[in-house]
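1. Here you go, sequence then predicted model.
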Amino acid sequence: MKTRSKRYKESEKNLDKEKIFQLKEAITAIKKMNPVKFDGSVDLHFSLNIDSKKSDQMVRGTVALPHGTGKKVRVAVFCRGEHEKQAREAQADYVGANELIDKVAAGFMDFDCAIATPDMMKDLSKLGKVLGPRGLMPSPKTGTVTNDIAKAIEDVKKGKVEFRIDKQGGIHLSVGKLSFDEGKLYDNASRVIEAINEAKPASVKGKFVRSLSICASMNPGLKLAI
């Protein structure tokens, strides 16, 4: 049985576990919970009415958070030639071609996002088993396979994040930090909810989002109205 911290139990004490919150109301409640000693994250948790084993029910995409994620995003760019110069000028954290691929294959994973030019994808395929399970494999669908390297890096650094379903049909995404004011958290969370709903596969009939909750680091979650 999982042991909860004293902080968690204090936050949970006066919480009506069956209450369904409106988004603004939930964010206000979260900001009043016992804070952690670090700048914790605020996360949305979706349970979707999809079969993750069916290819036509894959839910994956990107969303640009209006106020960013609140954290520094480390970007690795796989490219050659002139694109390497563009990537460095755009402040990519790691840039390279086959030497960077070999480094990642050897275990280097000190980055949060991977971007690649189309000509690198054949060579990058050998990292599929390494990057794929971590959700880091570049894809044209998410704008991370492109020749416009500078734009892709700028989008990611400003707060463009990727989402994708897990094997249980869930999506878990941070919408900011506890230090954000309520308005910024609301804007970011609203945009994420909108983006997930827009990503509903055509093959899914009826209710798409089974349940939705929001929580802050090391505190209980609050059920949200769908």
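-> Structure's in. What do you need? Numbering: from 1, shown residues only.
2. So if we follow the domain assignment, how does the chain break up?
-> Here the domain parsing of the chain from automatic domain parsing is 16-67+161-224, 75-157.
3. Need the ones you listed in TSV (columns: mean pLDDT and mean neighbour count).
-> In short, each C-beta sits where N, CA and C put it, glycine included. Shown next, in TSV, are the domains of the chain (pLDDT from 0 to 100; neighbours: other Cβ atoms under 10 Å):
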stretch	mean pLDDT	mean neighbour count
domain 16-67+161-224	91	16
domain 75-157	94	17
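4. In this structure, what residue spans correspond to helices?
-> Here the chain has its helices, by DSSP state H, at 6-13, 23-31, 82-89, 98-105, 121-124, 128-131, 149-158, 182-198.
5. Please identify which of the ones you listed is closest to Ala114.
-> Evaluated with Cβ to Cβ, the helices of the chain place helix 128-131 nearest to Ala114, the distance being 6.2 Å.
6. could you dump the helices of the chain to CSV with distance to Val204?
-> As requested, the helices of the chain are exported to CSV (distance: least, Cβ to Cβ, whole Å):
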stretch, distance to Val204
helix 6-13, 34
helix 23-31, 23
helix 82-89, 38
helix 98-105, 35
helix 121-124, 29
helix 128-131, 27
helix 149-158, 28
helix 182-198, 11
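7. With respect to Pro220, which of these lies nearest?
-> Pro220 sits nearest to helix 6-13 of all the helices of the chain, at 4.7 Å, using Cβ to Cβ.
8. who does the nearest residue to Ala195 once chain neighbours are set aside bridge with?
-> Distances taken as Cβ to Cβ, 6 or more residues apart in numbering put Val63 closest to Ala195, at 3.8 Å, once the chain neighbours are dropped. Counting by DSSP bridges, Val63 is bridged to Val161.
9. Val63 and Arg164 touch, don't they?
-> No: in this structure, Val63 is not within contact of Arg164 by Cβ atoms under 8 Å, at 11.6 Å.
10. Would you quantify the distance from the spatially closest residue to Phe21 that is not a sequence neighbour to Phe163?
-> Distance criterion Cβ to Cβ, 6+ apart; nearest residue to Phe21, sequence neighbours excluded, is Leu222 at 4.9 Å. Leu222 sits at a distance of 20 Å from Phe163 (criterion: Cβ to Cβ, to the nearest Å).
11. Done for today, thanks.
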